[in-house]
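Colleague: Starting from these lines, generate the structure:
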Amino acid sequence: MNLVPSFVELVQQVAPVFTAPTFNSFVTVLTGWVFARRRIITRMIEAADAVETKHHSAFHRLFAAARWSRDELGLAVFGLIQPWLEDGAVLLSLDDTLARKRGLKIFGVGMHHDPLLSTRKTALMNWGHSWVVLSVIVAFPFRAGHCFSLPILFRLYVNKKTAAKSRRLTYRTRPELAVEMLAVLCKRHENRPFHVIADSAYGGQSVLGRLPENCDLTSRLDLDARLYDAPPVRRPGTNGRPRKRGCRLSTPRQMLGQRIRRLTLNIYGRRDRSRVADQVARAHAVPDRPLRVVAVEPLTGGRKIQAFYSTCHEATAEHVLTWYAMRWSIEETFHDAKGHLGFEQPQGWTRQAVERTAPTAMLLYSLIVLWFAVEGHRHYRAPKRPWYRSHCCASFVDMLNTLRCESVRKQVLSLGLHGQGARNVMKTLCNAVQQAA
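Modeller: Sure thing, here's the model as predicted:
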């Protein structure tokens, strides 16, 4: 089985990251990744019909030993995304996700918080890998009003207990890994502004105080956070250490009892009404950076009082809330990569195999969405489901099925079949591909 030529041409643009033999293996693995029902190396080379092209160990070495950089591949994918970005700051989404695993000898595994099994009252743990993922938020013309988070950079978080068992590992927190990825991207594109959107786990001093110069941050804030005004202007001839902070300001919780206005926004796929208060303030831990602080009391949706901040202190409350709502797109990415691309299925156990294989599923997600934006949307046909009339826009499953069907169509057409029988064969094969995968 071969992928449609338009998709191969897109992947060809990241070929400089690899050597020629490694790139050929990479394309073969991507082909199997698209068509295989289970994403392990042997199943993928079977799905790509490449069993006799190379020894299977060559495809295992692609992740375990071949010389290519995961960061360089992610930056190359960012280069494919750039033509779709608007002028101004590039919006980024940042979060971590759990990939459940089995086995004690797999590199980097440990007990991590499982958000799917946990409730508000009970936090549950699970065995696996914890990945910190940096994605680019992009809006495409084929689906107006919707944003996609396309993953580009990845870091594997190893907990203290696991890191202590290995002499080669230095323990680093998730925020430290996040700052490292932001530094890689922002340093490569020094003349371009970036704006990262993250939840409260990445909104503390360890990230806010170490942001690259060309990067802003929008995140959650504690309702009782200590906020201050700018320090007063120092008078000439004054002795002593200059003040770092000005007068104490109201906390986000107190703000809702003072200056309040009602706000209606179309976010999270619905019309959201809230009571809002905002001000420019500085956090106690990072007093040298002004923030736009927004306190929100939702009137719809059943959510509790929340507070947000953005280092873009000149922005309005509407902008801050709209930016933070875009963060939800990375949760959709995690859901689709796990459910339809087998993000949790690879079984490599060495360090390089672990750090390369699972991120390939996320990068494939980005490539499929980009291909659909360029070429795939022209071939998309909405499935006929009279019981599901609200489904009018292409989801990621539709994009993946379109790629599979177009690949099968091109291969069948190359056989030279003609007439009504050929069309019936094509229809039957496309339907079989959609239902089997």
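Colleague: Could you list the residues in contact with stretch 309-328?
Modeller: With C-beta atoms under 8 Å, 6 or more residues apart in numbering as the test, stretch 309-328 has contacts from 91, 93, 95, 137, 147, 195, 197-199, 203, 208, 211, 216-221, 263, 265, 267-268, 274, 276, 278, 280, 283, 289-294, 296, 308. (Each C-beta comes from the backbone N, C-alpha and C, glycine too.)
Colleague: meant to ask about stretch 134-141
Modeller: Residues from elsewhere that reach stretch 134-141 (C-beta under 8 Å, 6+ apart): 78, 81, 84-85, 90-94, 146-154, 178, 181-182, 185, 196-197, 326, 329-330, 333, 369, 373.
Colleague: just to revisit the earlier point, and the contacts of stretch 309-328, which are buried?
Modeller: 91, 93, 95, 137, 147, 195, 197-199, 203, 208, 211, 216-221, 263, 265, 267, 274, 276, 278, 283, 290-294, 296, 308 (16 or more other C-beta atoms under 10 Å).
Colleague: ok, which stretches of the stretch 1-150 of the chain are helices?
Modeller: Listed in chain order, the helices of the stretch 1-150 of the chain (DSSP state H, counting those that start in this stretch) span 5-12, 20-35, 41-47, 56-64, 70-81.
Colleague: Output those helices in CSV, with mean neighbour count, mean pLDDT and distance to Gly302 appended to each entry.
Modeller: Formatted as CSV, the helices of the stretch 1-150 of the chain follow (neighbours: other C-beta atoms under 10 Å; pLDDT from 0 to 100; distance: least, C-beta to C-beta, whole Å):
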stretch, mean neighbour count, mean pLDDT, distance to Gly302
helix 5-12, 16, 95, 42
helix 20-35, 20, 93, 39
helix 41-47, 20, 90, 43
helix 56-64, 19, 91, 44
helix 70-81, 19, 97, 35
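Colleague: Output those in JSON lines; the columns should cover distance to Pro252.
Modeller: Formatted as JSON lines, the helices of the stretch 1-150 of the chain follow (distance: least, C-beta to C-beta, whole Å):
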{"stretch": "helix 5-12", "distance to Pro252": "45"}
{"stretch": "helix 20-35", "distance to Pro252": "45"}
{"stretch": "helix 41-47", "distance to Pro252": "49"}
{"stretch": "helix 56-64", "distance to Pro252": "46"}
{"stretch": "helix 70-81", "distance to Pro252": "34"}
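Colleague: to the chain's geometric centre, what's the distance from stretch 258-269?
Modeller: Distance of stretch 258-269 from its chain centroid, counting by C-alpha atoms, centre = their mean, to the nearest Å, is 26 Å.
Colleague: CA atoms only for it - export them in PDB, please.
Modeller: In PDB, the C-alpha atoms belonging to stretch 258-269 read as follows (Å, rounded to 0.1, in the frame of the first residue of the first chain):
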ATOM      1  CA  GLN A 258     -15.700  45.900  42.900                       C
ATOM      2  CA  ARG A 259     -15.600  46.800  39.200                       C
ATOM      3  CA  ILE A 260     -17.900  44.300  37.400                       C
ATOM      4  CA  ARG A 261     -19.300  44.200  33.900                       C
ATOM      5  CA  ARG A 262     -21.200  41.600  32.000                       C
ATOM      6  CA  LEU A 263     -19.600  39.900  29.000                       C
ATOM      7  CA  THR A 264     -21.000  37.500  26.400                       C
ATOM      8  CA  LEU A 265     -18.500  35.600  24.200                       C
ATOM      9  CA  ASN A 266     -18.800  32.700  21.700                       C
ATOM     10  CA  ILE A 267     -16.200  30.400  23.200                       C
ATOM     11  CA  TYR A 268     -16.000  26.600  23.900                       C
ATOM     12  CA  GLY A 269     -18.600  26.100  21.100                       C
END
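Colleague: what does the average pLDDT come to for it?
Modeller: Taken as a whole, stretch 258-269 has a mean pLDDT of 85.
Colleague: tell me, how many neighbours does Thr122 end up with?
Modeller: When neighbours are counted by other C-beta atoms under 10 Å, Thr122 registers 7.
Colleague: Quick one: the strands in the stretch 301-437 of the chain, in order.
Modeller: Using DSSP state E, counting those that start in this stretch, the strands found in the stretch 301-437 of the chain span residues 306-310.
Colleague: For it, give me the ranges with low pLDDT.
Modeller: Along the stretch 301-437 of the chain, the model assigns pLDDT under 70 to residues 390-391, 413-437.
Colleague: Endpoint to endpoint, stretch 207-227 covers what distance?
Modeller: One end of stretch 207-227 sits 18 Å from the other (C-alpha to C-alpha, to the nearest Å).
Colleague: if you average pLDDT over that stretch, what comes out?
Modeller: Rounded mean pLDDT across stretch 207-227 is 95.
Colleague: quick one on the thing from earlier: which ones among the buried ones among the contacts of stretch 309-328 are found in strands?
Modeller: Under the assignment DSSP state E, the buried ones among the contacts of stretch 309-328 contribute 91, 93, 95, 137, 147, 195, 197-198, 216-220, 263, 265, 267, 274, 276, 278, 283, 290-294, 296, 308 to strands.
Colleague: and the longest helix anywhere in the chain with helix 56-64, angle?
Modeller: When the chain is parsed with DSSP state H, its longest helix is helix 351-374. Counting by axes from the mean of the first three to the mean of the last three C-alpha atoms, to 10 degrees, helix 351-374 lies at 90 degrees to helix 56-64.
Colleague: How far away from the center of its chain is helix 351-374?
Modeller: Remark: helix 351-374 is offset 11 Å from the chain centroid, using C-alpha atoms, centre = their mean.
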